[in-house]
Structures are given as structure tokens and as C-alpha cells.
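*Asks:* next input, structure requested:
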Amino acid sequence: MSDARTPVQIEADIVRRRDQLAETLDEIGIRMHPKTIIGDAKAKVASTVDHTAGRAFVAVNRTVSDVKARFTDEDGAPRLERVVPVALVAVALVGLLAMSARKRKG
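*Replies:* Have a look, this model is predicted:
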């Protein structure tokens, strides 16, 4: 058997390779199009924001759970020995802010 190809086979191979090259060039053109690049960048930013927001949510949720655990017992009832001092400090701060605001106005 001979490895020699006929002109028809060579021509068919050239056509097939030309079609493959045209398809590859089309794909490159689509990937390099400004709208495609902008769309990819937007998707990446959105993904990063979603990931960051998810991590922030988990951190805030953990913090809220920790604070809640400090001010409630296992049954969910408030721990008055911890709630009352914090409430008194909050009332004192609000009072100081109100007095400060009055002094500025008058």
C-alpha cells in the first residue's frame, strides 16, 4: 500500500482544515469582542461581590449569635445580670447626647 494521497484527498483535507481555522478564528473573534470582555468582567465582579457579601453575612450572623448567647440563657430567657447594666449604659449615653444637643442649640 502506498501512503500517497490523491489530489482529491489533499483538496478535501485543505477544505476541512480551512473550515476548522475559520471556526477557530470566529471563536477568537467572539472572545476578543469588547462586549464579550465587558460581560466577562461584569460577571467576575458580580461573583466577587456575591462571595464577599456572603462572607460578610456569615460573619455578621456569627457575631449576632455570639452577642445573643451572651445576653440569653440556654432557654432563650434574658440574663438580667447582663442586660440591665447594658441598658443603663445605653440610657445614660442617650441622656448625655440629648443634653449635648440642647447645649448646642441654646
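*Asks:* for the longest helix anywhere in the chain, give the mean pLDDT please.
*Replies:* Identified as the longest helix of the chain according to DSSP state H is helix 34-71. For helix 34-71, mean pLDDT is 94.
*Asks:* next secondary structure after that helix?
*Replies:* Next along the chain after helix 34-71, taking DSSP states H and E as the criterion, comes helix 80-105.
*Asks:* the inter-axis angle of that next one versus helix 34-71?
*Replies:* Helix 80-105 runs at 120 degrees relative to helix 34-71, counting by axes from the mean of the first three to the mean of the last three Cα atoms, to 10 degrees.
*Asks:* quick one: distance of helix 80-105 to the chain centre.
*Replies:* Helix 80-105 has its C-alpha centroid displaced from the chain centroid by 38 Å (Cα atoms, centre = their mean, to the nearest Å).
*Asks:* can you give me the buried ones in that helix?
*Replies:* Of the residues in helix 80-105, none has enough neighbours to count as buried (16 or more other Cβ atoms under 10 Å). For glycine as for every other residue, the C-beta is placed from the backbone atoms N, C-alpha and C.
*Asks:* just name whatever secondary elements that helix is in contact with.
*Replies:* With contacts taken as 3 or more Cβ pairs under 8 Å, 6 or more residues apart in numbering; DSSP states H and E, helix 80-105 sits against helix 34-71.
*Asks:* so for the helix it packs on, what gets flagged as buried?
*Replies:* Result for helix 34-71 [16+ other Cβ under 10 Å]: no buried residues.
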